[in-house]
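>>> requesting a structural model of the entry that follows:
(chains A and B)
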Amino acid sequence: MRRLLIALFLTCMAALNAPGTAHAQAMQVLEPWMRATQADRPAAVYLQLAGGPDRLLGVASDVAGRAELHETIVEDGVAKMRPVAGVLVSPGARTRFAPGGMHIMLLDLKKPLKEGDVVRLALTFERAKVVTVNVPVQGMRATGPGSDAHAGHGAPARR
Amino acid sequence: MVAPQQSPPTPPADAERPRSTFLIGLIGALAALLMIGVGAIIWMTQGADGPLGVGGPFALVDQDSRPVTDRTYRGKYMLVYFGFTFCPDVCPTTLNHVADALDRLGDKADKVVPILITVDPKRDTPEAMKQFAGAFSPRMVGLTGTAEQVAAAARAYRVYYKENRTGPGPNDYMMDHSSILYLMGPDGAFITPVRAEGSGEQIAADLARHIK
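Predicted coordinates for the structure are as follows:
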């Protein structure tokens, strides 16, 4: 029944949108941030998605040879990172990519990313197609979007 | 097990003989029991899971390429974490919280050495450890070593780690690893595990409870 309703909803949504119109405005990418990297170390990008229903299928960036959707799982005290095939975005709830959970992994970086750099990401969704986002690079001591290691020395992370 | 009853039969001619044999046997049995007991304690502290068995000697190389052992940090509390510099999510998050916790501890922080031990010695050179650990706190020590040295340190701390391949290239792997902070006393003895997922505030509170 739920599936039928979603299908119906999707059909209505599709009918409302003129053919060829991107659904980019329906998909919001919020609070993107990442930490600076060292040498050839990979990076993790954090952000939030609002909109949908849709599914994030993949990510690409000019700065990285590869970009993957990953999830950190802690099982019996052991932290593991595993690739995620796709991430569902449901209306009414933000889909969060946050430390210790889901993140976008940027691998094979062409050069280290420094604090103050901006990384452009292309997120590919099932329906919204390609949505681009600019990710500000923060210092290694950043713990959240807009948190500043220097100004926030010893202060709790802003979430 | 050597039991006194199983001692070779003694000639009945000497009346004193069986008694002394019995005594010797008894002492022997007690000694055997004592050894079993000591052995069991050693086994429990070394070989079984439990707080008693965490920590112990290690020989590694620090971020300035100096050879170090657990004794190098005697007199200070060690806050030990195993991670790796190619770790983009869990390790920076944990180490940031550790750095934040030390900031919150004020003067007490001077008694603590935060130590990151790599589980990826293949890629984590002392230089890489210096850059990585130093990015979170100037106090943070980054230790690496040979594969064997790292394996021995991880074994001592009951830390699990395993290479998890992500592609065909030499660099295409991540490490699964135990993500727990271990607080060790100034004498090197294990005090308590500290939740690595905790915020800086929580870690600081945990440390403050144990640091004298």
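>>> alpha carbons only for contacts and neighbour counts from here, please
Noted.
>>> just give the nearest non-adjacent residue to B:G134, would you?
The shortest distance from B:G134 to any non-neighbouring residue, by C-alpha to C-alpha, 6 or more residues apart in numbering or on different chains, is to B:M140 (6.0 Å).
>>> and for A:V87?
Counting by C-alpha to C-alpha, 6+ apart, the residue nearest A:V87 is A:L56, at 5.0 Å.
>>> just the helices in chain A please.
A:2-16 (DSSP state H).
>>> tell me where chain B has helices.
Going by DSSP H, chain B shows helices at B:16-47, B:90-105, B:126-136, B:147-156, B:200-210.
>>> what parts of chain A come near chain B?
Within chain A, the positions near chain B by C-alpha under 8 Å from any C-alpha of the partner chain are A:38, A:41-44, A:72, A:74, A:77-81, A:99-100, A:103, A:105, A:140-143, A:153-156.
>>> mind listing what's buried in stretch B:75-82?
Going by neighbour count (16 or more other C-alpha atoms under 10 Å in any protein chain shown), the buried part of stretch B:75-82 is B:K76, B:Y77, B:M78, B:L79, B:V80, B:Y81, B:F82.
>>> relative to chain A, how far out is the residue nearest the centre of chain B?
Most central in chain B under C-alpha atoms, centre = their mean is B:G55, positioned 2.1 Å from the mean C-alpha point. Separation of B:G55 from chain A (C-alpha to the nearest C-alpha, to the nearest Å): 17 Å.
>>> next one: phi and psi at that residue?
phi 90, psi -180 (degrees, to the nearest 10).
>>> count the neighbours of residue 109 for me.
In the absence of a named chain, this looks at chain A. 21 (other C-alpha atoms under 10 Å in any protein chain shown).
>>> let's do chain B instead
21.
>>> do B:G134 as well
The burial count for B:G134: 16, using other C-alpha under 10 Å.
>>> again, but for the one 5 residues further on
Residue crowding around B:R139 was assessed by other C-alpha under 10 Å; the count is 17.
>>> which ones are touching the residue in chain B that chain A sits nearest to?
Here chain B gets closest to chain A at one residue, B:S178, 4.0 Å apart by C-alpha to the nearest C-alpha. Taking C-alpha atoms under 8 Å, 6 or more residues apart in numbering or on different chains as the criterion, B:S178 is in contact with A:G77, A:V78, A:A79, B:F82, B:V159, B:Y160, B:Y161.
>>> and A:L113, by the same measure?
A:A36, A:T37, A:Q38, A:V137.
>>> tell me the pLDDT of the first one.
On pLDDT, A:A36 comes in at 97.
>>> so what's it up against?
Counting by C-alpha under 8 Å, 6+ apart, A:A36 touches A:A43, A:P112, A:L113, A:K114, A:E115, A:V137, A:Q138, A:G139, A:M140.
>>> can you redo those residues as CSV with distance to B:V98 and pLDDT?
Shown next, in CSV, are the contacts of A:A36 (distance: C-alpha to C-alpha, whole Å; pLDDT from 0 to 100):
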residue, distance to B:V98, pLDDT
A:A43, 20, 97
A:P112, 24, 97
A:L113, 23, 97
A:K114, 22, 97
A:E115, 21, 97
A:V137, 21, 98
A:Q138, 18, 97
A:G139, 16, 96
A:M140, 13, 96
